[in-house]
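Chemist: this one's sequence-less:
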C-alpha cells in the first residue's frame, strides 16, 4: 500500500479525531479509498463536521456550491490536495 | 458511536399507484366526497395490510395497556388515511378546507424575527404538512425539508406533481455536501424541517425510553443542530378529526453544547427529551401515530 504523505497523515489525524473514529488508525487510511458511503463509510453529518474542522484548522470555508465538492470529498488524497491549494491562496 | 444495524425497516408510505389514486380522487371529487371514500378504503387496508395492522395493534396495546378493539384499529388507519388525503390539499394550497389552531406560534415568530434559522424537528405523529397552514396564518417563513429521498421516491414524485416550488425546498439527505448547503441556509435564516422518529439504515442512534420501553432514535437532527449551533424547535401537527388540525411548537433547545468526551451521553439526553415530548403529544392524540411497524422491535428481540 502506498504510504501517506506527511500532510495526508496530518489530515487523516484531523479526520479520525474530529469524527471519533475509535477503531481507525490515521496511518492506515487508504489515501485513494472513498471516504463516504463505501470505504471509510462516512455520512453527510460526518462531512459537515469534517468541513467545520477543516475551516477551523486551516482557515477557509468549504462551500456547498463549490463544483469541486464531489471530488474534494472523494478520498483522503483529494481532500488533502484541496486543503493545500486553498491554503496557498 | 453506535450505528443502526436495522436494515430498511422503513416501509414506503404508499405505492406509486395508491398515491396517484389518492391524488386523482382528492382533486376531482373535493374533500367532502373524497372523505366518504375513506371508509371503504380504510376497511380494505384493515383487512389486507396485515403488517400495518399488526404495527397498529402493538402501538395501541402499549398506549392503552390492553388489547385494542377492531374499532380502534379501524380508527387508527382511518386517521392515517385522512391525513394522507389532506396532504394533497395542504400541498395544493387548499387551506380553506381547514381550521388550524396554532400553539406556541410566538416561538416561531421570534425565531424568524431573529434572522437566524433553526432545526424544526417533527415526527411521523400527525401531519407535518399542516405546517403549510401555519405559514399563511402567522406569516410566511422560509423552510427547507431534509428528506431521505431514496426511501421516499413515490412521495417525492407526489410533491413534484402537486407543488414544484415545495419540491425544490426538499434537500435530499445522503450526498457529502448536502449539509453544507443546510448550514448556509440556516445562516440565511431558513428553518430546516426534519423528522426525528425513524431510524434509516446506517443512521447513528441512541437508546431512549419511549412509552416505558427502550427503543432506538436517530441522533442526526440533534447532532446537526449542535454542529450548526442553532436552536431546535419541536413541531407537531396533530389531526383532531373533521377539518381540525392543531399545530404545536415548542423550543427544545436554544443551543446544544457538546463536550468531546461526553458527546454521546449529552446527545442522548437531548434525544431523550425529544422522545418524551413525542410521547406527550402521542398521548394527546394517540391515533396520530403513523409508524405502522413494531417500533420497539429491535431492543426487545
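Modeler: Perfect, I can see it now. Just so you know, these numbers come straight off a predicted model, no measurement behind them.
Chemist: And the next helix or strand past the strand ranked longest in chain B?
Modeler: As assigned by DSSP state E, the longest strand anywhere in chain B is strand B:244-253. Toward the C-terminal end, the helix or strand that comes next after strand B:244-253 (DSSP states H and E) is helix B:263-284.
Chemist: What's the mean pLDDT across that next one?
Modeler: The pLDDT scores in helix B:263-284 average 97.
Chemist: Buried ones in that helix, by neighbour count?
Modeler: B:266-268, B:270-271, B:273-275, B:277-279, B:281-282 (16 or more other CB atoms under 10 Å in any protein chain shown). (Glycine included, C-beta is placed from N, CA and C.)
Chemist: swap in stretch B:102-116?
Modeler: Going by 16+ other CB under 10 Å, stretch B:102-116 has these buried residues: B:102, B:104-105, B:107-108, B:111-112, B:116.
Chemist: Just the strands from the chain, written as ranges.
Modeler: Chain wasn't specified; assuming chain A. For chain A, no strands are identified by DSSP E.
Chemist: please go with chain B instead
Modeler: Along chain B, counting by DSSP E, strands occupy B:99-103, B:118-122, B:143-147, B:170-172, B:191-195, B:205-210, B:213-218, B:232-239, B:244-253.
Chemist: Relative to the whole chain's centre, how far out is the last one?
Modeler: From the chain centre to the centre of strand B:244-253 is a distance of 12 Å (CA atoms, centre = their mean, to the nearest Å).
Chemist: Now do that strand against strand B:99-103, angle only.
Modeler: 20 degrees (axes from the mean of the first three to the mean of the last three CA atoms, to 10 degrees).
Chemist: Give me the helices and strands touching strand B:244-253, please.
Modeler: The contact analysis (3 or more CB pairs under 8 Å, 6 or more residues apart in numbering or on different chains; DSSP states H and E) places strand B:244-253 against strand B:99-103, helix B:105-114, helix B:131-137, strand B:232-239, helix B:263-284.
Chemist: out of these, which comes closest to chain A?
Modeler: Closest of those to chain A is helix B:263-284, at 7.2 Å (criterion: CB to the nearest CB).
Chemist: From the chain's centroid, how far away is the closest one?
Modeler: Remark: helix B:263-284 is offset 15 Å from the chain centroid, using CA atoms, centre = their mean.
Chemist: interface residues of chain A facing chain B?
Modeler: Neighbours of chain B within chain A, by CB under 8 Å from any CB of the partner chain: A:20, A:35-36, A:41-45, A:47-49, A:51-52, A:62-66, A:69-70, A:73.
Chemist: Buried residues in stretch A:78-88, which are they?
Modeler: By 16+ other CB under 10 Å, the buried positions in stretch A:78-88 come out as A:78-83, A:86.
Chemist: Out of those, which is nearest to chain B?
Modeler: residue A:79 (10.2 Å).
Chemist: Can you pull out the low-pLDDT segments for the chain?
Modeler: All of this refers to chain A. Applying pLDDT under 70 to chain A picks out residues A:1.
Chemist: looking at chain B here, not the other one
Modeler: B:1-15, B:298-301.
Chemist: For it, which residues are neighbours of chain A?
Modeler: Checking chain B against chain A by CB under 8 Å from any CB, the hits are B:1, B:173-184, B:202, B:204, B:220, B:223-224, B:227-228, B:260, B:263.
Chemist: please redo it, this time with the cut-off set to 7 Å
Modeler: B:1, B:173-181, B:183-184, B:202, B:220, B:223-224, B:227 (CB under 7 Å from any CB of the partner chain).
Chemist: Can you tell me how far residue B:48 is from chain A?
Modeler: Using CB to the nearest CB, to the nearest Å, residue B:48 is found at 36 Å from chain A.
Chemist: er, residue B:117 I mean
Modeler: Residue B:117 is 14 Å from chain A, by CB to the nearest CB.
Chemist: got it, and residue B:104?
Modeler: Per CB to the nearest CB, residue B:104 is found 28 Å from chain A.
Chemist: Can you name the residues bridging to residue B:103?
Modeler: residue B:248 (DSSP bridges).
Chemist: pretty sure it is touching residue B:248, no?
Modeler: Yes: Residue B:103 is within contact range of residue B:248, at 4.6 Å (criterion: CB atoms under 7 Å).
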